[in-house]
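Participant: Please find the sequence and the predicted model below.
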Amino acid sequence: PFSSPLTQVNYGAFAPTLLSSSHHDVMQRTVCHRVKTAVAVAALVTAGCLKASALEKAPATKPHLIMMLQDDLGYFDNAFMGNTEREGITANVSRLAREGIILKSHYVFYWCSPTRRSFLTGRLPIHHGQMLSGITDDIDLRWNIISQKLEPAGYKCHWYGKGHTGYLSMAHLPTSRGFLNFTGFLGGAQSYTSNQRWKNEAPLNSTEYSSELYGDAILTTLNAHDPQDPLFLYIPWQAVHSPYMAPAFWPSDKPVYEGMLYDTDVYTGQIRTLLESKGMYDNLLWVYSADNGGRGDGINYPLRGEKRTNYEGGMRVSAFVSGGLIPPALRGTQNSIRFHIVDFYATFCHLAGVDYHDDSPTPPLPIDPSDPSKDIYGNTSWPGVDGVVIWDMLLNPANYNTSSAHPTLVLSSEVLIQGDIKLLTSQRGDTRQGSDSTENTWQHPDGSWFFPSGWTQTCGFPVYSQKGSVIRPFKPCIFNLSTDLNETTDIAPQNPELLQTLWTALNNSWLGYYHARSPAHLVGPCNPSCTAAKWGAIGPGDGPECGVPGCDTPAPPGPPPPPPGPNPVPHNFPPGTPPIARSCRARTTFTGRLTTSTGLLHSSILRRSAAGSVLKTRTAWRPRGMRDRRVLVSPTFPSLGRNTTSQEWSGASQGATSDLTESGIGEHQ
């Protein structure tokens, strides 16, 4: 049913009719919809009223840098991706794209937090987790995030918009890590007029529509910025994430989703105007990307799937690089080299003239599949940066092939791409997410979902229910992305050896999994009850629980929590895979062997209590990246608490010992 998958999709009988409504009338009615101080800055620039000192200073030698993330944006939501109905809605963003280089093979994670952490750290989710962040330690405090690399090089770094990268302690806040300013919200989703915002080190009680709050603040910062100083702007818009709320000026008879997108587009144009007026645009690299595929009203045509899936529609996103730093000969071109958002950490460092490496003082031990119980990191090691410098690949793409940046790319615990071949073992792992009935299918350009007549899904199903129980065995797919970008044809049955090779490579790669192990002296004392009262006295919402001034006394220990209920589920290991190890929080390692008759991976561990006594327990692996892990803590282990046959456990587990620190007991990461 598909043809020419790298350029367009031929849907045959499913050929859709594009949306026909025009938005030029909306453009005309809303072009002057705001009269605010920050917006007036752009008018002053146009009128030549900016202070002369701001216009006369020579531009910085180091390039100015912008990373702009559009939340939950569909692959086909912008005009520059071919959606002609969005020309008036995304005019400024599309102009930037068409004057830059459109990235046709740019990858992120399939949902919010891991993508954001990947950009900030330069590391793939395999090295910080697949979980959504909250009051958590998800970016190790010993790492240098991108602002901590740029700030010593003279950059003025600002963060406006969504956080969602973990804020266990004050040390995790952006202003503790190289940013001069953070105005946004710490969590993952909220109303666009929520008063649970954050500014620098304290709550911000503002109900201004978020795009306007952040957009006006950006313009104010730009107006005050000395062009001689290199600038780094991180702009992770809240739009167009749910809940869908249009700005106040948007006509009620127009799609709300488009109003949300249009509002950020207007600010994008105003930011550009101000940069040009200050002589900064010619020395600027502007990166634009979605944080994952679209969902809801987002359109991922012609890709399969959506946000929260391992299909291309969840992980290959709309993106470009633009600005005056792009040579004129490359403006208006496309680049098909496979990039990942981690690469812009290394590339920004390269352009700033700083070393992008962020290695631990003690190198990790090598991965050894024959010794899966080995913790390769310990207390003094961590994984280095996964991203690579792609600047020459952007400037001289003819010298490279599509996989030059990443010959092998591990996108998730279920997806690995090697060359043009993609292994997809299942959907979402055990991330406790809901699912949409349409998520395994395709969209027309108008956003409606379909699957071709006669087509039947044969592989890549979700393996876990939303409650974490196993609902079917793994049935992996292999797709050739060079000929089947739409992921319609599984070639695994014809290539069993290739399947085994890729699946083993994916599993072995996760032997090097890492999650933050920030030392206690960097995190600071934790007192949740004190911090809740402190933040609540300033404004609604929560904030960091550790290292908070005025709450420096650790909370008194309470009674031990009851053990969580058991919920053993398998991981995606092919038959014949050797014992698999997984590296866990608090330097805990577990070993397990696949039980091929059931597909259930088991392990047993020895756990030491705080008093030093050894309690033998058993557990079963769940896919990595999940915060909600279950482990049995009863030494007697009378029952799994579910319908588990004796065959599932007979002879399957291997003994292993592990000395857990007190803080690590009871949590797998």
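Facilitator: Structure received.
Participant: Pull the contacting residues for the residue most central in space within the chain.
Facilitator: Nearest to the geometric centre of the chain sits T115, at 1.4 Å (Cα atoms, centre = their mean). Applying Cβ atoms under 8 Å, 6 or more residues apart in numbering to T115 gives the contacts 69, 108-109, 291-292, 341. For glycine as for every other residue, the C-beta is placed from the backbone atoms N, C-alpha and C.
Participant: repeat for F76
Facilitator: 82-83, 294, 299-302, 318, 443, 445.
Participant: Can you say which of those residues are buried?
Facilitator: 83, 294, 299-302, 318, 443, 445 (16 or more other Cβ atoms under 10 Å).
Participant: So which of the residues you listed belong to strands?
Facilitator: Using DSSP state E, Q443 are the members of those that sit in strands.
Participant: which among the contacts of T115 gets closest to W143?
Facilitator: W143 lies nearest to I341 out of those, by Cβ to Cβ, at 16.3 Å.
Participant: Tally up the residues packed near that closest one, please.
Facilitator: 28 (other Cβ atoms under 10 Å).
Participant: now do the one 5 residues further on
Facilitator: A346 sits with 23 neighbouring residues when counted by other Cβ under 10 Å.
Participant: swap in P559?
Facilitator: Residues near P559, counting by other Cβ under 10 Å: 5.
Participant: where does it fall, helix, sheet strand or coil?
Facilitator: Secondary structure state of P559, per DSSP: H, G, I helix; E, B strand; the rest coil, is coil.
Participant: could the contacts of F76 go into a markdown table alongside pLDDT?
Facilitator: As requested, those are arranged in a markdown table below (pLDDT from 0 to 100):
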| residue | pLDDT |
| --- | --- |
| G82 | 97 |
| N83 | 98 |
| G294 | 97 |
| I299 | 98 |
| N300 | 98 |
| Y301 | 98 |
| P302 | 97 |
| S318 | 98 |
| Q443 | 97 |
| P445 | 97 |
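Participant: CSV for those residues, including distance to L423?
Facilitator: As requested, these are exported to CSV (distance: Cβ to Cβ, whole Å):
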residue, distance to L423
G82, 29
N83, 31
G294, 24
I299, 27
N300, 21
Y301, 24
P302, 21
S318, 24
Q443, 24
P445, 29
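Participant: distance of T84 from K156?
Facilitator: Using Cβ to Cβ, to the nearest Å, one gets 39 Å for the distance from T84 to K156.
Participant: One more: G122?
Facilitator: G122 sits 21 Å away from K156, going by Cβ to Cβ.
Participant: again, but for T489
Facilitator: From T489 to K156 the distance is 50 Å (Cβ to Cβ).
Participant: For these two, work out which one has more neighbours and name it.
Facilitator: Neighbour totals were compared for T489 and K156, and K156 leads with 21 against 15 (other Cβ under 10 Å).
Participant: Would you check that the more buried one makes contact with H225?
Facilitator: Yes - under the criterion of Cβ atoms under 8 Å, K156 is in contact with H225, at a separation of 6.5 Å.
Participant: ok, now how distant is L141 from V385?
Facilitator: 16 Å.
Participant: Actually, N292.
Facilitator: Taking Cβ to Cβ, one finds N292 at 21 Å from V385.
Participant: Look at those two and report which has more neighbours.
Facilitator: Between N292 and V385, counted using other Cβ under 10 Å, the more crowded position is N292 (27 against 22).
Participant: Is it correct that that one falls within a helix?
Facilitator: No - assigned with three-state DSSP, N292 falls outside any helix and is coil.
Participant: rewinding a little: can you name the next helix or strand after the strand or helix carrying the residue nearest to the centre of the chain?
Facilitator: T115 belongs to helix 112-121 when assigned by DSSP states H and E. Following helix 112-121 in sequence order, the next helix or strand is helix 146-150 (DSSP H and E).
Participant: export that next one as PDB, just CAs?
Facilitator: Below are the C-alpha coordinates for helix 146-150, written out as PDB (Å, rounded to 0.1, in the frame of the first residue of the first chain):
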ATOM      1  CA  ILE A 146      25.200  22.000  28.600                       C
ATOM      2  CA  SER A 147      25.000  25.300  30.500                       C
ATOM      3  CA  GLN A 148      27.800  24.200  32.800                       C
ATOM      4  CA  LYS A 149      30.000  23.800  29.700                       C
ATOM      5  CA  LEU A 150      29.000  27.100  28.100                       C
END
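Participant: So which bits of the following helix or strand past that helix are buried?
Facilitator: Moving toward the C-terminus from helix 146-150, the next helix or strand (DSSP H and E) is strand 156-162. Neighbour-count burial for strand 156-162, with 16+ other Cβ under 10 Å as criterion, is recorded at 156-162.
Participant: now swap in stretch 536-552 and tell me
Facilitator: 539, 541-548, 551.
Participant: Tell me where this structure is predicted with low confidence.
Facilitator: Counting by pLDDT under 70, the low-confidence segments of the chain come to 1-60, 430, 561-669.
Participant: mind redoing it with 90?
Facilitator: Applying pLDDT under 90 to the chain flags residues 1-61, 370-374, 427-440, 451-457, 461-474, 538-542, 552-669.
Participant: Spit out the contact partners of E439.
Facilitator: 305-306, 308-309, 311, 427.
Participant: before we move on, what about L141?
Facilitator: Neighbours of L141 in contact, by Cβ under 8 Å, 6+ apart: 169, 171-172, 516, 518-519, 522-523.
Participant: farthest-separated two in these?
Facilitator: Using Cβ to Cβ, these span at most 13.1 Å, a distance reached by H172 and P519.
Participant: These two: which is more packed in?
Facilitator: Set side by side, H172 and P519 show more neighbours around H172, with 28 against 10, by other Cβ under 10 Å.
Participant: Which residue comes closest to the more buried one once chain neighbours are left out?
Facilitator: G166 (5.8 Å; Cβ to Cβ, 6 or more residues apart in numbering).
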